[in-house]
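# build me a model from this:
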Amino acid sequence: MEIIRKKVKDLLEMQAGSEVLAKGWVRTKRGNKEIAFIALNDGSTIKNIQIVVDKNPDTEAVLARISTGSCIGVEGTLVESIGSGQAVEIKASNITVYGECDPVRYPLQKKDTSFEYLRSVAHLRPRTNTFGAVLRLRSQMAFAIHEFFHSRGFVYLNTPLITAADAEGAGQMFQVTTLDLAKVPLNKKGQPDYTKDFFGKQTSLTVSGQLEGELGATALGEIYTFGPTFRAENSNTPRHLAEFWMIEPEMAFYDINANMDLAEEFIKSLVRYALEKCYDDVKFLNDRYDPELIERLQGVVDTEFVRLEYTEGIKILETAVANGVKFEYPVFWGADLQSEHERYLVEQHFRKPVILTGYPKDIKAFYMKQNEDGKTVRAMDVLFPKIGEIIGGSEREADLGKLEARIDELGMSRRNLEWYIDTRRFGTCPHSGFGLGFERLLLFVTGMQNIRDVIPFPRTPKNAEF
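Below you'll find the model as predicted:
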């Protein structure tokens, strides 16, 4: 009877005594003159299953072909392990080598390798324990996000990746064109003639699905988007990517307070999911890299977030400066807070997550609802330890006149925004939303230090490998 392959994760939970088939990649091979031990991993778990092979003339030839990185299939008996670290192991009766691996050229040897080096071999780094754990967590967190919104009746809305609108008003967008760059057609003003382009106008990769998300919310009530976004920022920092993923819920009839409630409930739900469903991977990362990781994650789940007005936050920071705290960037009312300021509030002053609200309108986007003071808007940023801002959002400006005045005040082109303004012309309603950077969430959940290490193939300035 043919034996059905079982994943390593399932084999490790089985009782000894069965005939089994395992397939995967060799992490290590060691042994003595009589016996060989192979650590086999198939990506289903951080744990390996040990393969025990008796050395004899029949097995010596196949063992000689096996090295770290080789792909093999193993038939044998699942037996109780006499070694520590696992309850069961496989006593091999037959080994098939699917793919040999040149031990001289294979870049993932047993010795510790720097994350910087592993980025240069990003096509192979998922085979390491660390990146296997990170990518499993990434997958589980994506599922948890969909589950959270689905269970609350939100509609999953797919918004366009190619757009003519700049949601942030920052202009740092990747242009999309089919024009021949060697001979770009020009109009009468000597500028590129985009009427000759594929879409008949200038288009770019999206920086956010929010504006289209608002269209969905004003028809379907509560929606969320989850997809890639793009920023052409020349930022070589541990917190920036040119291509990253965003989760952006948008809700009709939510004010800023309901928005903050949802954001806190959302992030707590995701962290709780990581602790409950992905504990082996989280514990590996905790034990290997960040001994405070589990404690920090548990702290978020168990803690009520602080709600703080921007003006009060500035006062706290100014007091800190007066008491000798050194910041690289200056602190003053109207400043766009930097990560060092955000982390001081979270890690030093309150020692818990903070939701900062009531920002000056001059440092926030055009679509945010203006407060009665004429100086601030109903923005909110959720600030986390080790990360700084992890969520940014706001109540949206529902007043047609105020929205139009703000667009004009900022000198923005209305040509590509009339469709957006229509939501305020035809049945406007109070509504709110926020954006969570998926990779920022993963930085927090994994304890990794660099955002390039929580996405399979990072896109950064001068780097589009693999």
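
# got the domain ranges for the protein?
Domains of the chain are assigned by automatic domain parsing as 8-99, 125-172+207-453.

# how long is the first one end to end?
In other words, domain 8-99. Criterion Cα to Cα, to the nearest Å; first-to-last residue distance in domain 8-99 is 19 Å.

# poorly predicted segments of the stretch 151-300 of the chain, please.
167-171 (pLDDT under 70).

# buried ones in stretch 88-103?
Using 16 or more other Cβ atoms under 10 Å as the test for burial, stretch 88-103 gives Val88, Glu89, Ile90, Lys91, Ala92, Ile95, Val97, Cys101. All C-beta spots, glycine's among them, are computed from the backbone N, C-alpha and C.

# contacts for that stretch next, please.
The contact list for stretch 88-103, computed with Cβ atoms under 8 Å, 6 or more residues apart in numbering, reads 11-12, 14-16, 20, 22-23, 26, 40, 49-54, 59, 62-63, 65-81, 83, 109.

# buried only: go through those residues for me.
Buried among the contacts of stretch 88-103 (16+ other Cβ under 10 Å): 11-12, 20, 22-23, 26, 40, 49-53, 59, 63, 66-72, 74-78, 81.

# among those, which are in strands?
20, 22-23, 26, 40, 49-53, 71-72, 74-78 (DSSP state E).

# can you give me the helices in the stretch 201-350 of the chain?
Using DSSP state H, counting those that start in this stretch, the helices found in the stretch 201-350 of the chain span residues 210-220, 256-277, 279-288, 293-302, 310-322, 339-343.

# pick the most buried one from the ones you listed.
helix 210-220 (a mean of 21; mean count of other Cβ atoms under 10 Å).

# with distance to Glu2 as extra columns, can I get the helices of the stretch 201-350 of the chain in TSV?
Below are those laid out as TSV (distance: least, Cβ to Cβ, whole Å):
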stretch	distance to Glu2
helix 210-220	49
helix 256-277	32
helix 279-288	30
helix 293-302	42
helix 310-322	65
helix 339-343	56
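
# list the contacts of Val184.
Going by Cβ under 8 Å, 6+ apart, the list of residues near Val184 reads Pro192, Asp193.

# same check, this time on Ala164
Phe199, Lys201, Gln202, Thr203, Ser204, Asn416.

# re earlier: may I see the domains of the chain organised as a markdown table, with distance to Asp180 added?
Below are these laid out as a markdown table (distance: least, Cβ to Cβ, whole Å):
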| stretch | distance to Asp180 |
| --- | --- |
| domain 8-99 | 43 |
| domain 125-172+207-453 | 19 |
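
# please confirm that Ser413 is located within a strand.
No - according to DSSP: H, G, I helix; E, B strand; the rest coil, Ser413 belongs to no strand; its state is coil.

# backbone phi and psi for it, please?
phi -70, psi 130 (degrees, to the nearest 10).

# any idea how far Gln140 lies from Thr130?
16 Å (Cβ to Cβ, to the nearest Å).

# likewise for Ala36?
26 Å.

# with Glu395 instead?
40 Å.

# these two: who's more crowded?
It is Glu395, of Glu395 and Thr130, that has more neighbours when counted by other Cβ atoms under 10 Å, with 26 against 21.

# right, I'll leave it there.
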